[in-house]
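Peer 1: okay, here's the prediction I keep looking at, along with the sequence it came from:
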Amino acid sequence: MLADFIWEIINLVEEKADEKAKQKIYLVGGAVRDFLIGHEIIDYDLLCEKSALALAEFLQACNYAQIISIHEPFGTVKIELNSYQNIQLDLATTRTEIYKFPGALPIAQYPQSINIDLARRDFTINAIALELKSNKEFEIIDIFDGQADLKNKCLKVLHNLSYFEDPTRILRAIRFATRFNYKIGETDLQLITEALNKPEIQGLAEKIRGIRIGIEIKRLLELNNYLQAAQLMSELGVWTLLSRENLIINLNPAYLPLKFWQARLAYLLWNNEHLLNLLEILGFEKKIQKQISFMQNIIQQNSLNTPSIKLIKEINNLDLDFINLLFSLRPAWQNKFELLEKALPKIKPVELMEQGFSGIEINQKLESLFQENLKSLTQDLN
Ligand code: ATP
Ligand code: MG
C-alpha cells in the first residue's frame, strides 16, 4: 500500500493546482520496485512531468509542505511534510543524463518525457513508474519489462554501455543482488567484466576522487551480509575500481560482528599497503583514518608487549567497532588487554598530589605503579 500522503498530494494537485503546478506525477525507482514485490517502502521518489519546483512551491503555498533544498542542476527539490513527522520527499523533474567520462557526475537536461527519464536509470527493476491518478488509481509504465525481471529475480541494465558509463552501477548490481537474493543476468555479468577490463575503469576511485564510489561502497557494506557482497566483488574483480593493483581481500566470516561500514572496509582491505590512501580517496573522515593508522602502528610494532598507561588509554579511546576490529585481527590481544587494564593503578592523581608529587612526577609515579602491578599480576598467572 502506498502512504496516505502520496494520495493527499495527488488530490491537492488535482483540485487546486494552477497551470504551472498541474502536471502528471509519477512514483519511480526503489519505491515502485518495493511496492511491486510487497516490501516496505522507505523512500518515496516522486517524478514530475514538467517541474518539481512548481509542485514544491504549490505544496508550500497550500501549507502542506516546506521546501528544504533545491538542486537546480538536476531539477530536484527536497520537501518536508507539515503534518507528518520527519517525512521528507524527493521531488524530481523528468530528465536525461549525459556522462562526459566514465563515472563522472552526469549533466542533466530537463524536462523530458517519462520514457526518456526511465531510460537513464540503472536496472529494469528500477525503471518502472507508477503514474498516480485521483481515487488512488495508478497506471504502471514499464517499457523495459522490469516486472518480468522482478518475477525472475534478475538484475539487468537497460543498455550495453551502462556499466561503463557509470561503474557505480556495478556496485549497485552487487548490492541489490545480495540484498534481495537476486541474480545478475548472464549478459550483465559479461558486460560487467567487459567494463572492468577497460583501462579507464581500473583504479577509477583514484582518478575521480571516488566520492560516488565511496557512497555505493558504504551502502553495500551496510548490508548485514556484506561479506557475501564482498565475495561477489572479488569473484567479479570489482575491487579494481578502487585500485589498479591486485588488492588482497580478507573474507573470513569470523569477523562478522563488525557493525560499521568503515570498520568492515578497513578489515576487508587490512593487508593492503595502500589502505590509508584508499580510505582517503573514498572520503573517510580524518578521525577514522587516524584510528586506523594508530591500529596499523601498534600491530606492526607489537606494542602490547611494551605496554604503558598511555597505550591503554589510546586503545580505549578507539570507537568500539575499531576495538573489536583490533581484537579480531589480533585475537590473542583480548586477554592480554584485560590483564593490562587490571594493572592500572587505582590511586588518583589528586591523591598523589596530596602525597607531595607534582607535575611530571605524577605520571611517572602512576606509570611505575602500573609496571609493578603488571609484574605481580603476570607472576600470579605463572
Ligand atoms: P534503495 O531502496 O536502496 O534506496 P533505490 O533503487 O531507491 O534503492 P536510490 O539510490 O535511492 O536506489 O536511487 C533511486 C533511483 O534512482 C533508482 O531506483 C534508479 O532508478 C535511479 N538511480 C540511482 N542511482 C543510479 C545510477 N547510478 N544510474 C542510474 N540510475 C540510478
Ligand atoms: Mg532509494
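Peer 2: Cool, got the structure. Ligands and ions are numbered 1, 2, ... in the order given.

Peer 1: now do the helix or strand containing residue 369, average pLDDT.
Peer 2: Residue 369 belongs to helix 360-381 when elements are defined using DSSP states H and E. Model confidence over helix 360-381 averages 93 on the pLDDT scale.

Peer 1: do the same with stretch 190-202
Peer 2: The average of the pLDDT scores along stretch 190-202 is 96.

Peer 1: is it in proximity to ligand 1?
Peer 2: No: between stretch 190-202 and ligand 1, judged by C-beta under 6 Å from any ligand atom, nothing touches; the nearest distance is 13.2 Å. C-betas here are computed from N, CA, C, even on glycine.

Peer 1: so which residues of the stretch 251-382 of the chain form helices?
Peer 2: Using DSSP state H, counting those that start in this stretch, the helices assigned to the stretch 251-382 of the chain run over residues 261-268, 275-281, 286-300, 309-316, 320-329, 333-342, 349-354, 360-381.

Peer 1: which of the ones you listed sits most buried?
Peer 2: The densest packing among these, expressed as mean neighbour count by mean count of other C-beta atoms under 10 Å, is seen in helix 261-268 with a mean of 24.

Peer 1: name the helices or strands packed onto it?
Peer 2: helix 211-221, helix 226-236, helix 275-281, helix 320-329 (3 or more C-beta pairs under 8 Å, 6 or more residues apart in numbering; DSSP states H and E).

Peer 1: hmm, back to that, contacts for the helix holding residue 369?
Peer 2: When contacts are taken as C-beta atoms under 8 Å, 6 or more residues apart in numbering, the neighbours of helix 360-381 outside the stretch itself are 307-309, 339-340, 342-345, 347, 349, 352-353, 357.

Peer 1: hmm, back to that, closest one to ligand 1 among the helices and strands packed on helix 261-268?
Peer 2: helix 211-221 (6.6 Å; C-beta to the nearest ligand atom).

Peer 1: let me know how buried the residue in the stretch 101-250 of the chain that ligand 2 sits nearest to is, in neighbour terms.
Peer 2: Scanning the stretch 101-250 of the chain for proximity to ligand 2 using C-beta to the ion identifies residue 126 as nearest, at 9.0 Å. The burial count assigned to residue 126 is 21, neighbours taken as other C-beta atoms under 10 Å.

Peer 1: right, and it touches residue 150 too?
Peer 2: No: Residue 126 sits out of contact with residue 150 when judged by C-beta atoms under 8 Å, with a separation of 10.1 Å.

Peer 1: shared neighbours, the two?
Peer 2: Here residue 126 and residue 150 have residue 33 as joint contacts, going by C-beta under 8 Å, 6+ apart.

Peer 1: flag every residue of the stretch 1-150 of the chain that's near ligand 2.
Peer 2: 30, 43 (C-beta under 5 Å from the ion).

Peer 1: any weak-confidence spans in the stretch 1-150 of the chain?
Peer 2: Regions of the stretch 1-150 of the chain meeting the criterion pLDDT under 70 are absent.

Peer 1: same question, the stretch 251-382 of the chain
Peer 2: In the prediction, the stretch 251-382 of the chain carries residues with pLDDT under 70 at positions 254-256.

Peer 1: can you tell me the closest non-neighbouring residue to the residue of it found nearest ligand 2?
Peer 2: Closest approach between the stretch 251-382 of the chain and ligand 2, counting by C-beta to the ion: residue 261, at 17.2 Å. Take residue 261 and drop its neighbours on the chain: the residue closest to it by C-beta to C-beta, 6 or more residues apart in numbering is residue 221, 3.8 Å away.

Peer 1: swap in residue 154?
Peer 2: Here the nearest residue to residue 154 in space, its sequence neighbours aside, is residue 185; by C-beta to C-beta, 6+ apart that works out to 5.2 Å.

Peer 1: tell me the contacts of the one you found?
Peer 2: Neighbour list for residue 185: 149, 154-156 [criterion: C-beta under 8 Å, 6+ apart].

Peer 1: between these, which has the most around it?
Peer 2: Sorting the contacts of residue 185 by how many neighbours each has (other C-beta under 10 Å) puts residue 155 first, at 25 neighbours.

Peer 1: in the sheet, who's paired with that one?
Peer 2: Counting by DSSP bridges, residue 155 forms beta bridges with residue 184.

Peer 1: pretty sure it contacts residue 174?
Peer 2: No: with contact defined as C-beta under 8 Å, residue 155 does not reach residue 174; the gap is 9.2 Å.

Peer 1: any shared contact partners between these two?
Peer 2: Taking C-beta under 8 Å, 6+ apart as the criterion, residue 155 and residue 174 both touch residue 184.

Peer 1: now the helices for the stretch 101-250 of the chain?
Peer 2: Per DSSP H, counting those that start in this stretch, the stretch 101-250 of the chain has helices spanning 114-119, 146-152, 162-165, 168-180, 186-197, 204-207, 211-221, 226-236. These are given in chain order.

Peer 1: which one of these lies nearest to residue 68?
Peer 2: Comparing the helices of the stretch 101-250 of the chain by their distance to residue 68 (C-beta to C-beta), the top pick is helix 211-221, with 19.6 Å.
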